[in-house]
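S.K.: Below is the sequence, then the predicted model.
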Amino acid sequence: MSRHRRRPVEEAEPVLDMSSLIDVSFLLLIYFLVTSTLDPKEADLGMKLPTTETSAANPVEIDQLTIEVNSEGFIIVNDEVLDQDVTDRKVPLLAAKVGEYAQVSEMSKTQPMVVVKADDAAKGQRFIDVLNALAGAGIENVTITGFTEK
């Protein structure tokens, strides 16, 4: 018998399939794009740069006026007692102060802001006197505080 020599079987080289790796890398890329947050652009910060125009001057802002009516009926404007005579319904000191405030706000071209604080024990007529003085000066922006609901 003859001896046959067997040829060694050539083994195929291992092959790595790249298509599934590409799919996984794209899925990871999409995941990170969707879950990340974007930083705001510098243009969205709202910075105001100085200009050479003189008409763009900063407007003057005036403080709000706080008027209190305490339980005795005294009218207090910004911690200064003005009208202590409860029988005088014209409240001349308050009317003068409110008139000055209205003129200053008109000159500075701003809206006058008035806060009226009234004690629950104060008479209602005194509160109405304060509102009449404000209406006489032409002030319409009034915030009323100090009342409690029963």
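M.R.: Looks like it arrived, so ask away. These numbers were taken from a predicted model, which means no experiment stands behind them. Numbers count the residues shown, from 1 in each chain.

S.K.: Am I right that Thr143 is in a helix?
M.R.: No: Thr143 is assigned strand when assessed by DSSP: H, G, I helix; E, B strand; the rest coil, not a helix.

S.K.: Quick check: Pro92 touching Asp83?
M.R.: Yes: in terms of C-beta atoms under 8 Å, Pro92 counts as a neighbour of Asp83; the distance is 7.3 Å. To be clear about C-beta, it is placed using only N, CA and C from the backbone, and glycine gets the same treatment.

S.K.: Of those two, give the one with the bigger neighbour count.
M.R.: Asp83 (24 against 12; other C-beta atoms under 10 Å).

S.K.: phi, psi of the more buried one?
M.R.: Main-chain torsions, Asp83, degrees, to the nearest 10: phi -100, psi 110.

S.K.: can you pull the pLDDT of the residue nearest to Val98 when sequence neighbours are not counted?
M.R.: Distances taken as C-beta to C-beta, 6 or more residues apart in numbering place Ala137 nearest to Val98, at 4.4 Å, with adjacent residues excluded. On the pLDDT scale, Ala137 is placed at 89.
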